[in-house]
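Novice: Sequence and computational prediction follow.
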2 protein chains.
Amino acid sequence: MPAKTLEIPGGKLSGEQLMQLALDASLQGIRGANPLVGAVLANSRGEVLHVGWHRGAGSPHAEADALAQARASGTDLRGTHMYVSLEPCNHTARTGPCSRAVADAGVSYLHFAIGDETEDAAGGAAYLRSRGVTVESGLLKDRAEKINRRWFAAAEAKRPWVTAKIASTLDGFIAAEDGSSQWITGTQARADGHELRQRADAILVGTQTAVTDNPRLSARDSAGRESGNQPLRVIMGERDLPEDLAVFRDSKVLQVRSRRPRVVLNELYSRGVRHLMVEGGPTVVSAFLRENLVDELLWYQAPKVLGAGRRGVGDLGISTLSEAGQWEIDQLGMQPGLIQLGEDLRLHLAPRN
Amino acid sequence: MPAKTLEIPGGKLSGEQLMQLALDASLQGIRGANPLVGAVLANSRGEVLHVGWHRGAGSPHAEADALAQARASGTDLRGTHMYVSLEPCNHTARTGPCSRAVADAGVSYLHFAIGDETEDAAGGAAYLRSRGVTVESGLLKDRAEKINRRWFAAAEAKRPWVTAKIASTLDGFIAAEDGSSQWITGTQARADGHELRQRADAILVGTQTAVTDNPRLSARDSAGRESGNQPLRVIMGERDLPEDLAVFRDSKVLQVRSRRPRVVLNELYSRGVRHLMVEGGPTVVSAFLRENLVDELLWYQAPKVLGAGRRGVGDLGISTLSEAGQWEIDQLGMQPGLIQLGEDLRLHLAPRN
């Protein structure tokens, strides 16, 4: 699936048209732990000046992206209008509060489609009003909600956004009968997995996987070097672990002594984890799937057939077809839902409502 | 993957360039039970007149396709040259002998990349020479062989070309624990499967599937009506079958009382079957896979997760990863190796060398 191109209409646009453009722009972003957000700067006649969007955790928010474009091209933003699909954040996270940046730039009117009630970000509208910006909200609310539905649900539940990653053969095995699993997928797929690790706040495996596979759980480049931004390594489970495991070579590691996903998610959320990548094994993946706690599923498939071995997903307590977990190829956002990585496939799946 | 477009160069081409074009044209065809073949008609100066290719079993051979184009546009073919990737057939199958059609049209020179030694088709070159056509061969032989490698192997072994079809969940199950399997895949994927049945000479299942699923094994359109061209229904296995099975409602049905794929393939080949579609169950699919007797694998994947159930591929006697069956997304031919059919995926896989 080719990347969608954003078309920016010329001439004077209505408020709804400007918000529509902000929503279209949001879809240029990468779906994941952060919501998809788009922001449009227009002059008071409704002519588009700049269009920004959020490219995923760690990169500027949509508002900051649009403001940066304005700065780069020397646009005078005094008296301009901004349409943004989500209420500007009011927190100083990795990117600084957008509310202040918008007010500082001289924007006089801001319209957001939906409010951000998450404890990390709330308060943007109030802050902007205190700075004299006229703030309205609600245009195309339903569509904006739909785009980030799953993300809002996680934020409201005060739990991290959960990505589960599986790398299996065509017939669903992550290791052969003798336990051999290096490597199911090829170099490109594995490099892609490491890139994803870098974007996550934490990576989680079960005690069984920690012992059997003894993974380092670090994000590494193609030369095997650990990249600068390392996620927290989390091991979930009650069992005592040998101290010489590879994962303990790093200090950024945590064992959560529970088999219950919600307990683990609470603990991680309280430690600031907002994006968790669950990497296995089958028992852990199943535990999250059973409780509908997987927000996106990244399934790497190697064109191999084993016929027997260790399965990627453990028992889910499902005995009849109509109860099967329903997913769909995620078509939202710029990261294509279905790609080939060398010989392998990567499916990016979202839970079907 | 979008369909590749064939570019036809203008001006005078060398013999090798003309054969190259014939090979490129062959790849416009649909891969399957018949070899991919392309044919180029040129005048004696090496200028291309017509380019034909074979679009799969039941449709005209590449030579006939090119000749039909010439007839349609009134091209005088006397004294023309033909470059074809495979020796013209000499048999009167569904499409009539190409050797005679080429000679009748007045072609004076024919060059084929590789000879056709299969008992059904051999003798084309000899016939053409007897009619006074100058016949040469061998240009781009290696590339031509590679394109149809697997097909030639089947033909030489005097066995049908074998397509195995699997429709499973993401985690490799073709039915839930309670046996429910209707429907794993959606309407588009199922319609595609019926279209494929129509192209096959025979469809095979094991006795277990015949009894458990009780399928009709007919090719049906979207309204459930049986299409005109029905394949032979084959049930493989030693077990006695109840007479009231759905498959026995049709007279074109055969039980081969063997568990050995080679015995079954011999029997079917002797009855004229050149393309067999193996549809399950797991034991039968495994038996063919174990003996490297699957020429192409069509794997429909529904974006569902079951966690347990009946697997699509049974035990293969493989215990370590390095022995896993290696496949690749088939990029040859016009039928894309990877497509979405509604919510489902279809992978068209070829054995990796």
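Specialist: Structure's in. What do you need? Residues are numbered from 1 along each chain as shown, chains lettered A, B, ... in the order given.

Novice: Pull up the gap between the residue lying closest to residue A:191 once chain neighbours are set aside and residue A:326, please.
Specialist: Excluding its sequence neighbours, the residue lying closest to residue A:191 (C-beta to C-beta, 6 or more residues apart in numbering or on different chains) is residue A:222, at 5.4 Å. Placement of C-beta: from N, CA and C, glycine included. According to C-beta to C-beta, to the nearest Å, residue A:222 stands 35 Å off from residue A:326.

Novice: Pick out whichever of the two has more residues nearby.
Specialist: residue A:326 (15 against 10; other C-beta atoms under 10 Å in any protein chain shown).

Novice: Now the residue lying farthest from the centre of chain A: which helix or strand?
Specialist: Taking C-alpha atoms, centre = their mean, the residue of chain A most remote from its mean C-alpha position is residue A:45, at 35.5 Å. Residue A:45 belongs to no helix or strand when assigned by DSSP states H and E.

Novice: Give me the phi and psi for residue A:151.
Specialist: phi -60, psi -40 (degrees, to the nearest 10).

Novice: wait, residue A:265
Specialist: Dihedral angles for residue A:265 - degrees, to the nearest 10 - are phi -60, psi -40.

Novice: Residue A:161 is in contact with that one, correct?
Specialist: No: using C-beta atoms under 8 Å as the test, residue A:265 is too far from residue A:161 to be in contact (10.1 Å).

Novice: between the two, what contacts are shared?
Specialist: residue A:276 (C-beta atoms under 8 Å, 6 or more residues apart in numbering or on different chains).

Novice: just to revisit the earlier point, quick check: the residue nearest to residue A:191 vs residue A:188, distance?
Specialist: According to C-beta to C-beta, residue A:222 and residue A:188 sit 9 Å apart.

Novice: Residue A:145 belongs to a strand?
Specialist: No: counting by DSSP: H, G, I helix; E, B strand; the rest coil, residue A:145 is not found in a strand; it is helix.

Novice: can you tell if the worst-scoring helix or strand of chain A on mean pLDDT touches chain B?
Specialist: None of the helices or strands of chain A scores lower by mean pLDDT, DSSP states H and E than helix A:149-156, at a mean of 83. No: if you take C-beta under 8 Å from any C-beta of the partner chain as the test, helix A:149-156 misses chain B, and the best it gets is 15.5 Å.

Novice: buried ones in that helix?
Specialist: Neighbour counts over helix A:149-156 (16 or more other C-beta atoms under 10 Å in any protein chain shown) mark A:150-152, A:154-155 as buried.

Novice: Low-confidence ranges, the stretch 251-353 of chain A, go.
Specialist: A:332-335, A:353 (pLDDT under 70).

Novice: err, the stretch 101-250 of chain A, not the other one
Specialist: Using pLDDT under 70, the stretch 101-250 of chain A drops low at A:119-120.

Novice: circling back: and of the buried residues of helix A:149-156, the nearest to chain B?
Specialist: residue A:150 (15.5 Å; C-beta to the nearest C-beta).

Novice: Go ahead and confirm that closest one touches residue A:350.
Specialist: Yes: if you go by C-beta under 8 Å, residue A:150 and residue A:350 touch, sitting 6.8 Å apart.

Novice: Name the residues contacting each of those two.
Specialist: Shared contacts of residue A:150 and residue A:350, counting by C-beta under 8 Å, 6+ apart, come down to A:295-296.

Novice: And the helices in the stretch 101-250 of chain A?
Specialist: A:124-130, A:141-147, A:149-156, A:187-199, A:207-212 (DSSP state H, counting those that start in this stretch).

Novice: For the shortest one, which residues meet the burial criterion?
Specialist: Pointing back at helix A:207-212 there. Residues of helix A:207-212 classed as buried under the neighbour-count rule (16+ other C-beta under 10 Å) are A:207-210, A:212.

Novice: Just put these in CSV and tack on distance to chain B.
Specialist: Formatted as CSV, those follow (distance: C-beta to the nearest C-beta, whole Å):
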residue, distance to chain B
A:207, 20
A:208, 17
A:209, 16
A:210, 20
A:212, 14
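
Novice: so which residue of the stretch 101-250 of chain A comes closest to chain B?
Specialist: Across the stretch 101-250 of chain A, no residue is closer to chain B than residue A:172, which sits at 3.3 Å (C-beta to the nearest C-beta).

Novice: burial count for the residue nearest to that residue when sequence neighbours are not counted?
Specialist: Nearest residue to residue A:172, sequence neighbours excluded (C-beta to C-beta, 6+ apart): residue B:172, at 3.3 Å. Residue B:172 has 28 neighbouring residues, counting by other C-beta under 10 Å.

Novice: Residue B:172 against residue B:310, yeah?
Specialist: No: applying C-beta under 8 Å, one finds residue B:172 not in contact with residue B:310, separated by 9.8 Å.

Novice: Quick check: closest non-adjacent residue to residue A:139.
Specialist: Closest to residue A:139 by C-beta to C-beta, 6+ apart is residue A:19, at 4.2 Å.

Novice: tell me the SS of the one you found?
Specialist: helix.

Novice: For the stretch 51-200 of chain A, list the residues in contact with chain B, please.
Specialist: Going by C-beta under 8 Å from any C-beta, the residues of the stretch 51-200 of chain A near chain B are A:168-173, A:175-178, A:180-182, A:184.

Novice: Extract the C-alpha set from stretch A:56-74 and format it as CSV.
Specialist: This file holds the C-alpha atoms of stretch A:56-74, laid out as CSV (Å, rounded to 0.1, in the frame of the first residue of the first chain):
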residue,chain,number,x,y,z
GLY,A,56,5.2,9.5,16.7
ALA,A,57,6.6,9.3,20.3
GLY,A,58,9.7,11.5,20.7
SER,A,59,9.0,13.7,17.7
PRO,A,60,7.3,17.1,17.9
HIS,A,61,3.6,17.3,18.5
ALA,A,62,1.4,18.4,15.5
GLU,A,63,1.2,22.0,16.8
ALA,A,64,4.9,22.3,17.3
ASP,A,65,5.5,20.8,13.9
ALA,A,66,3.2,23.5,12.3
LEU,A,67,4.8,26.3,14.4
ALA,A,68,8.3,25.1,13.4
GLN,A,69,7.4,25.4,9.7
ALA,A,70,6.1,28.9,10.3
ARG,A,71,9.3,29.9,12.0
ALA,A,72,11.4,28.3,9.3
SER,A,73,9.6,30.3,6.6
GLY,A,74,9.3,33.5,8.7
